[in-house]
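**Student:** sequence first, predicted model second:
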Amino acid sequence: MSAEPRVGNVWLPLRRAKPAARLRLFCFPPAGSGAAFYRTWLDAFPADVDVCPVEPPGRWSRIREPCHRRIEPLIDQLAAALRPELGLPTAFFGYSLGSMVAFELTRRLRRDRGVLPRHLFVACARAPQLTTAAPRPALAALDDAAFVGAVARIYGGIPAAALSDPELLAMIVPVMRADIEMLDAYDYHDEPALACPIVAFGGERDRAATKTELEGWGKQSASGFTLHMFGEGHFFSKTALAAVIGITSRVMDGAVRAGAP
């Protein structure tokens, strides 16, 4: 398989050509966000890491496309779009909803081609099997005011500037609602544990994913699990970005040096 990086993929609008890259890291955004969530990551990783923030349909550079409201068709499209990009040692990083997307994409690639990323990194998302064992009240069915209030209370992910700007809020809410509906409708199905290690990150004050719920990811890997907690809320990465990137870089580099499959 060629390791030559490809540019121009609509799913990867921020990706830069890196002919000398040794590693490729695909980054899946949280609900209501797009590739721009990871913009600062592009220059924060070592030069040999090809950072690839993923842009789902319906936001920013793909604003004219409809948002997905179920995870299955999103995974179908992602699997097809990213297959040509898997020529280098690869890892997936998902944040919140993006963790579920990264997880299900990993399982889909395993079923289709027996291909796995070297590592799966997840942040601020309870283990997928817990969504069935302990489902939470659906948020997507709430009216706009109640929906915005619930999202702000649980996730804290709506900027204060948007909350005070009706026009900006009107742009954000449909994307956020579609993504939350996807999360509400997520239907976990049991499969064998993944052969790749899982590294999880969480915030001590996160209302959406407790430490115990994050520890549940350990059951999804047959090759090892580690958890890193920070003293913040759901979006702890805003203040702990250097630590998250440092851990991720070291784990990926160690796997490549060790010749992990």
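**Tutor:** Yep, it's here. Numbering: from 1, shown residues only.

**Student:** got the contact list for Ile154?
**Tutor:** 139, 207-208, 234 (C-beta atoms under 8 Å, 6 or more residues apart in numbering). Using the backbone N, CA and C atoms, a C-beta is placed for each residue, glycine as well.

**Student:** mind redoing it with 6 Å?
**Tutor:** 207-208 (C-beta atoms under 6 Å, 6 or more residues apart in numbering).

**Student:** same deal with Asp179?
**Tutor:** Asp179 neighbours (C-beta under 6 Å, 6+ apart): 31-32, 97.

**Student:** report how many residues lie close to Val175.
**Tutor:** 20 (other C-beta atoms under 10 Å).

**Student:** correction: Arg64
**Tutor:** The burial count for Arg64: 7, using other C-beta under 10 Å.

**Student:** ok, Pro66 next?
**Tutor:** 10.

**Student:** secondary structure class for the closest residue to it other than its chain neighbours?
**Tutor:** If the residues on either side of it in the chain are set aside, Pro66 comes closest to Gly58, at 5.9 Å by C-beta to C-beta, 6 or more residues apart in numbering. Three-state call for Gly58 (DSSP: H, G, I helix; E, B strand; the rest coil): coil.

**Student:** against Ile180, how distant is Gly58?
**Tutor:** Noted for Gly58: a distance of 13 Å to Ile180, by C-beta to C-beta, to the nearest Å.

**Student:** settle it for me: which of the two has more neighbours?
**Tutor:** Here Gly58 and Ile180 are set side by side on neighbour count (other C-beta under 10 Å), and the busier one is Ile180, at 24 against 18.

**Student:** distance check, that one against Gly246.
**Tutor:** 31 Å.

**Student:** quick one: contacts for the residue nearest the centre of the chain?
**Tutor:** Centroid-nearest residue in the chain: Gly94, 2.0 Å away (criterion: C-alpha atoms, centre = their mean). Neighbouring residues of Gly94 by C-beta under 6 Å, 6+ apart: 28, 101-102, 122.

**Student:** run me through the strand neighbours of the helix or strand hosting it, direction for each.
**Tutor:** Using DSSP states H and E, Gly94 falls within strand 90-95. Here strand 90-95 is paired, per DSSP bridges, with strand 23-28 (parallel), strand 119-123 (parallel).

**Student:** so for it, mean pLDDT?
**Tutor:** Taken as a whole, strand 90-95 carries a mean pLDDT of 97.

**Student:** burial measure for Pro135, as a count.
**Tutor:** 10.

**Student:** kindly state the pLDDT recorded for it?
**Tutor:** At Pro135, the pLDDT value in this model is 74.

**Student:** quick check, it in a helix?
**Tutor:** No. Assessed by three-state DSSP, Pro135 does not belong to a helix; its assignment is coil.
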